[in-house]
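A.B. asks: let's see this in three dimensions:
(one chain, ligands or ions: 2)
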Amino acid sequence: MKIALCADLHFGSVPIGLEDALREAMEAERPDVIVVAGDLTLRARRREFEAAKTWLAALRTPALVLPGNHDLPYFNLLQRFADPFHRFHQATGTPHLMPVFEGGGGAILGFNTARSWQPHLRWQEGAARRRDIAAAEAEFAAMPPGLFKAVAAHHPFLRVRDEPRARPVRRAGDALRAFARCGVELLMSGHTHRSFAVEVQVGGGRLVALGAPTALSARMRGEANGFWTVEADAAAIACTLWLREGAPGRTDRFSPSPTKSFARR
Ligand SMILES: [Fe+2]
Ligand SMILES: [Fe+2]
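C.D. replies: Ligands and ions are numbered 1, 2, ... in the order given. So this is what the prediction gives:
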């Protein structure tokens, strides 16, 4: 299975033309699926979702799209509580917040961690709902055996050294143990605007956790715009980070960094 992972597109703050360069660079790698791990927009404005919709519609590759904390109504509090994912659903054309992709010998479950309300004021942070964890387990249990299994979410599920924005979502422990029980081997996320690729022990198993840099936004937090490609075969999960070359704003080309390979169990 071959995956392209991008996140934090943040339409509303994208340098002109960069979105086309991103789409072309990812599709040139011929992935089975493109994962868009949330934060399509900057402030969930109508015109930002329109730009996201146009970009998604031009993809020739199946896409698995998730909302991020920036995709919830920011100015319109009434809508934030009444119908928080309305504009997201309109832009992506899917009613699902937990989409599933199956193909290329693998399956990816999209896990929604963006919440319109939480019992504290850090609403930008993520949470895993109990019923979503149970739904994910049921979804994986119904899949045919032998598939390579992955989860994609907007927020990271674990702490990562030297990445202060990588904080576990609420109920991350429960979610990770459930994923491990289901045989999930790869966990993809965005939100940090910085990349990481680490291996973590969960229960009796191991997971590869991959964090994406911001694919398009000018809010880069010290790393160039970029995306990942992941190739899982019988022996290994090979992860390649593609970063935009040169000084910020100077070029729209993405180049691969050395591949990090993690042996499968
Ligand atoms: Fe973001
Ligand atoms: Fe985010």
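
A.B. asks: ok, Asn69 touching Ala114?
C.D. replies: Yes - at 5.1 Å, Asn69 counts as touching Ala114 under the criterion of C-beta atoms under 8 Å. Backbone N, C-alpha and C define where each C-beta goes, glycine included.

A.B. asks: quick one: which of the two has more around it?
C.D. replies: Taking neighbours as other C-beta atoms under 10 Å, Asn69 and Ala114 compare with Ala114 leading, 27 against 21.

A.B. asks: against Arg170, how distant is that one?
C.D. replies: From Ala114 over to Arg170 the distance is 12 Å, taken as C-beta to C-beta, to the nearest Å.

A.B. asks: between those two, what contacts are shared?
C.D. replies: Gly126 (C-beta atoms under 8 Å, 6 or more residues apart in numbering).

A.B. asks: what's the nearest residue to Leu97 if we skip its chain neighbours?
C.D. replies: Using C-beta to C-beta, 6 or more residues apart in numbering and skipping the chain neighbours, the partner closest in space to Leu97 is Asn112 (4.0 Å).

A.B. asks: check what pLDDT that neighbour gets.
C.D. replies: With respect to pLDDT, Asn112 scores 96.

A.B. asks: please apply the same query to Trp123.
C.D. replies: pLDDT for Trp123: 59.

A.B. asks: what of His96?
C.D. replies: Looking at His96, its pLDDT is 88.

A.B. asks: how near is the nearest residue to it once chain neighbours are set aside to ligand 1?
C.D. replies: In space, and not counting its chain neighbours, His96 is closest to Gly110: 7.5 Å by C-beta to C-beta, 6+ apart. Distance, Gly110 to ligand 1, using C-beta to the ion, to the nearest Å: 16 Å.

A.B. asks: just to revisit the earlier point, counting neighbours, what do you get for the residue nearest to Leu97?
C.D. replies: 23.

A.B. asks: count the neighbours of Leu243 for me.
C.D. replies: If you count neighbours by other C-beta under 10 Å, Leu243 ends up with 17.

A.B. asks: beta partners for it?
C.D. replies: On the basis of DSSP bridges, Leu243 is bridged to Gly226, Ser255.

A.B. asks: relative to Arg219, how far out is it?
C.D. replies: Counting by C-beta to C-beta, the separation of Leu243 from Arg219 is 16 Å.

A.B. asks: just Gly146 next, same as before
C.D. replies: According to C-beta to C-beta, Gly146 stands 41 Å off from Arg219.

A.B. asks: so for these two, which residue has more residues nearby?
C.D. replies: In this view Gly146 and Arg219 are compared by other C-beta under 10 Å, and Arg219 has more residues nearby, 11 against 7.

A.B. asks: what about Ala152, distance to Ala28?
C.D. replies: Counting by C-beta to C-beta, the gap from Ala152 to Ala28 is 21 Å.

A.B. asks: my error: substitute Ala91 in the last question.
C.D. replies: Separation of Ala91 from Ala28 (C-beta to C-beta) stands at 25 Å.

A.B. asks: sorry, back to before: who has more neighbours, Ala152 and Ala28?
C.D. replies: Taking other C-beta under 10 Å, Ala152 and Ala28 do not tie; Ala152 has more neighbours (28 against 10).

A.B. asks: residues in contact with that one?
C.D. replies: Applying C-beta under 8 Å, 6+ apart to Ala152 gives the contacts Leu5, Val35, Ala37, Leu64, Leu66, Ile108, Leu109, Gly110, Phe111, Leu187, Met188, Ser189.

A.B. asks: phi, psi of the fourth one?
C.D. replies: It refers to Leu64. phi -120, psi 110 (degrees, to the nearest 10).
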